[in-house]
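Student: please work out how this folds:
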Amino acid sequence: ECNPTTHERQNQSLPQSLDALMLDPVAIEQLETGRDWIRYAASCLAGADLAYGQGSEDSLEEAERLVGAVLHWDPHWSDDLMRCRILPGERKAIAALIERRIRERRPLAYLVRESYFFGFAPLCG
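Tutor: Numbering: from 1, shown residues only. Okay, here's the model as predicted:
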């Protein structure tokens with residue numbers, strides 16, 4: 001279960017351990033693949049009552065872009081990448097970005113400095 005309101009964190013830098021995250025560290029440890037992380041991120045984002053735009057129409061599209069941005073996936077990645085195992089450092093980075101998106105309520109495009117417009121990804125300020 002994703003409950004971003006529990007375990008609130010004051011330090012905004014990348015956490016040294018998953019225990020420092022406000023997301024459920026037990027659930028995070030069980031997420032192994034890109035598909036797992038996209039599903040979990042979509043649940044977290046949907047439960048946070050966020051507004052979407054700048055390239056995402058809903059929590060699932062936003063989750064795909066969020067995970068893809070952290071892992072440096074091409075926006076037209078193949079389904080094979082969804083089955084790849086996510087490394088511990090990548091897990092921390094994905095979880096930290098999910099938290100930032102929920103806590104700061106800033107559009108993902110501003111957090112990752114990238115937005116898609118007609119298939120192109122210009123940098124955002």
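
Student: CA atoms for contacts and neighbours, from now on please.
Tutor: OK.

Student: what's the first helix or strand after the longest helix seen in the chain?
Tutor: Ordering each helix of the chain by length in residues (DSSP state H) puts helix 88-104 first. The helix or strand immediately downstream of helix 88-104 is helix 108-112, counting by DSSP states H and E.

Student: show me what that following helix is packed up against.
Tutor: Here helix 108-112 touches helix 59-71, going by 3 or more Cα pairs under 8 Å, 6 or more residues apart in numbering; DSSP states H and E.

Student: quick one, phi/psi of G53?
Tutor: Main-chain dihedrals, G53, degrees, to the nearest 10: phi 160, psi -170.

Student: return the residues in contact with it.
Tutor: P107 (Cα atoms under 8 Å, 6 or more residues apart in numbering).

Student: packing partners of the longest helix of the chain?
Tutor: Secondary-structure packing of helix 88-104 (3+ Cα pairs under 8 Å, 6+ apart): helix 34-47, helix 59-71.

Student: which parts of it are buried?
Tutor: R91, K92, A93, I94, A95, A96, L97, I98, E99, R100, R101, I102 (16 or more other Cα atoms under 10 Å).

Student: lowest average confidence, helix or strand, in this structure?
Tutor: Across the helices and strands of the chain, the lowest-confidence element by mean pLDDT, DSSP states H and E is helix 25-30, at a mean of 88.
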